[in-house]
Each structure stands twice: as structure tokens, then as C-alpha cells.
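Chemist: sequence and predicted model, in that order:
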Amino acid sequence: MLSRTLRAAIKISHLRQYQLAHLVGVHPATLSAWMNGIYRISPDDARLRTLGRLVGLPEDAPLLETPLDNAAPGRKPKLEIVGGQL
């Protein structure tokens, strides 16, 4: 899922979400799915860095959530099983 920082920057951007999606080179539904954690994007994907630049984030800004970011206060983070390993 996209980081809270990036999602907030997208929401306050002067560009609409569909405009950002087209500038990044994806369908607006894909950007929406990234924002809502439905589709995963690789941290190495150039479109992710492009999206960060378009909304004015610095190069070192966190663009993806870490497992600890998605935990509510007082709750354990969600862990994802990948390839049979935790």
C-alpha cells in the first residue's frame, strides 16, 4: 500500500487523481487500487517515484507502508505470507 505521506500528498495535490494516473502511465483504477492496498506496487517501480515527484515529495520520502505502518495503535500489524514464508 502507498504510504500515508504519499496518499495525503495525492489528496491535496493540485492535480486530480485521474490526471496523476495518466501522467504516471496507469489507469485511474490502478492508482486507486494502489492507494487502497488492493494492488501492490514494487518499491523499485519507476512509476512510484514519478508519482512522488508529481505530488512534490522529496526523493527520500517514504512511498510505501512498512508492516508496522498498517497497524492501528494497540494492535499487531498485518503480516503477509509470501511464498509460504511469513
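Modeler: Perfect, thanks for sending it.
Chemist: quick check: end-to-end length of stretch 35-43?
Modeler: Terminal residues of stretch 35-43 lie 14 Å apart, using C-alpha to C-alpha, to the nearest Å.
Chemist: hmm, I typed the wrong one, I wanted stretch 3-19.
Modeler: 20 Å.
Chemist: pull out the buried positions in it.
Modeler: In terms of neighbour count (16 or more other C-beta atoms under 10 Å), stretch 3-19 has its buried residues at Ser3, Thr5, Leu6, Ala9, Ile10. For the C-beta atoms, the positions are set from N, CA and C on the backbone; glycine is no exception.
Chemist: cool, and stretch 26-33?
Modeler: Buried, per 16+ other C-beta under 10 Å, within stretch 26-33: Val26, Thr30, Leu31, Ala33.
Chemist: show me the contact partners of it.
Modeler: Here stretch 26-33 makes contact (C-beta atoms under 8 Å, 6 or more residues apart in numbering) with Gln17, Tyr18, Leu20, Ala21, His22, Val24, Ile38, Tyr39, Arg47, Leu51.
Chemist: does Ala9 touch Val55 like I think?
Modeler: Yes - if you go by C-beta atoms under 8 Å, Ala9 and Val55 touch, sitting 3.9 Å apart.
Chemist: quick one on the thing from earlier: okay, the buried residues of stretch 3-19 in a markdown table with pLDDT, distance to Pro43 and secondary structure next?
Modeler: Shown next, in a markdown table, are these (pLDDT from 0 to 100; distance: C-beta to C-beta, whole Å; DSSP: H, G, I helix; E, B strand; the rest coil):
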| residue | pLDDT | distance to Pro43 | secondary structure |
| --- | --- | --- | --- |
| Ser3 | 90 | 11 | coil |
| Thr5 | 92 | 14 | helix |
| Leu6 | 94 | 12 | helix |
| Ala9 | 95 | 17 | helix |
| Ile10 | 94 | 17 | helix |
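Chemist: quick one: which of these is nearest Leu64?
Modeler: Ser3 (5.7 Å; C-beta to C-beta).
Chemist: contacting residues for the closest one?
Modeler: Per C-beta under 8 Å, 6+ apart, neighbours of Ser3: Ala61, Pro62, Leu63, Leu64, Glu65, Asp69.
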